[in-house]
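Enquirer: Please find the sequence and the predicted model below.
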Amino acid sequence: MGDFWEDSTTCPLCGRAFNYTKIKYDSIRIEKYEDDLKPIFKGPNPLYFSILTCPKCAFTYFSEDTDVLRKVSKDTKKDLKNYLKRARDKLGKIDNTKNKDIDFLKKQYALAGIIYRILNKPGNVAKSLIRLAWIFRDEDKIMEELKLLLSAVTILEENFKNLNSDEELILYYFFKGYTSLRIGKRKEAKEFFNKLIGRYRNSKNPYVKKAEFLKGDL
Ligand SMILES: [Zn+2]
């Protein structure tokens, strides 16, 4: 009780106003981070509530992405709307409340991955796939988890020339190293952790720090 509050927002695609549940800032307690900085929370998990789906058009996005469509062309928006018309039926009941179930959350992250691909935002495609992978990790479904992490890396790799923020580049180098480590390619893991550390030597980014830590064992 008392960990949640209701907020409202407006769908960036169709303009519909809708309510959603947020976790109170004081209720977010991180117990620790796993090797790829997946947070383990004591109490409610904010990653369940940081993704929203419009109840009218099914546009699905990270809650902070309210202006994600600002520079998007009319044609792309049309493509998106057409895609969502078909995808909406598979979603089942759209739920942005604290009662949303894990199957719906998985569908949200999977759909977000496709939507951000249509919007040509490889960093957010990868972020959606990594979040989805983490849910499978929590369920001990390691093959599904790894497949999704590797897909996230592939997306970043295929779009390497278009990665235009440090955040996206760091995500690429780190997860290329991390997934290599997970599948036993130690040499490749070391290579990519070194690339990350070399490029962002003085950065305080936690992924750079983690790469330094993981590299110690290689
Ligand atoms: Zn909408």
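Expert: Cool, got the structure. Numbering: from 1, shown residues only.
Enquirer: can we go C-alpha only for contacts and neighbour counts from here?
Expert: Fine.
Enquirer: Show me which residues of the chain are close to the ion?
Expert: Neighbours of the ion within the chain, by C-alpha under 5 Å from the ion: 11, 14, 54, 57.
Enquirer: Of the residues you listed, which is the nearest to K107?
Expert: C54 (13.4 Å; C-alpha to C-alpha).
Enquirer: could you flag which of the residues of the chain next to the ion are buried?
Expert: The neighbour count (16 or more other C-alpha atoms under 10 Å) marks 11, 54, 57 as buried among the residues of the chain next to the ion.
Enquirer: Next, format these as TSV and append secondary structure.
Expert: Shown next, in TSV, are those (DSSP: H, G, I helix; E, B strand; the rest coil):
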residue	secondary structure
C11	coil
C54	coil
C57	coil
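Enquirer: shaky segments in this structure?
Expert: In the predicted model of the chain, residues 1 satisfy pLDDT under 70.
Enquirer: at 90 instead, please
Expert: Residues of the chain meeting the criterion pLDDT under 90: 1-2, 162, 164, 201-202, 217-218.
Enquirer: quick one, strands of it?
Expert: Taking DSSP state E as the test, the strands found in the chain are 4-10, 17-23, 29-33, 39-42, 51-53, 60-62.
Enquirer: the helices in this structure, which residues?
Expert: 74-91, 102-118, 122-138, 142-158, 166-182, 186-199, 206-215 (DSSP state H).
Enquirer: tally of neighbours for the nearest residue to T66 once chain neighbours are set aside?
Expert: What sits nearest to T66 in space, not counting adjacent residues and going by C-alpha to C-alpha, 6 or more residues apart in numbering, is P12, at 6.0 Å. P12 has 18 neighbours, counted by other C-alpha atoms under 10 Å.
Enquirer: One more: I142?
Expert: 14.
Enquirer: returning to that earlier point: with distance to K90 added, can I get the buried ones among the residues of the chain next to the ion in TSV?
Expert: Listed next are these as TSV, based on distance: C-alpha to C-alpha, whole Å:
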residue	distance to K90
C11	20
C54	14
C57	13
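Enquirer: before we move on, back to that, how about the helices of the chain, which one is nearest L47?
Expert: Comparing these by C-alpha to C-alpha, helix 122-138 comes nearest, at 7.8 Å.
Enquirer: in the closest one, what counts as buried?
Expert: Counting neighbours by 16+ other C-alpha under 10 Å, one finds that the buried residues in helix 122-138 are 122-137.
Enquirer: And the furthest pair within those residues?
Expert: Longest span within these, C-alpha to C-alpha: P122 and R137, 22.3 Å.
Enquirer: Pull up the gap between L111 and F193, please.
Expert: 30 Å (C-alpha to C-alpha, to the nearest Å).
Enquirer: so who does T97 touch?
Expert: 20-21 (C-alpha atoms under 8 Å, 6 or more residues apart in numbering).
Enquirer: What values do phi and psi take at it?
Expert: phi -100, psi 180 (degrees, to the nearest 10).
Enquirer: OK, contacts around the residue nearest to I114 when sequence neighbours are not counted?
Expert: Nearest residue to I114 in three dimensions, chain neighbours excluded: V125, at 7.2 Å (C-alpha to C-alpha, 6+ apart). Neighbouring residues of V125 by C-alpha under 8 Å, 6+ apart: 112-114, 116-117, 152, 155.
Enquirer: Many thanks, have a good one.
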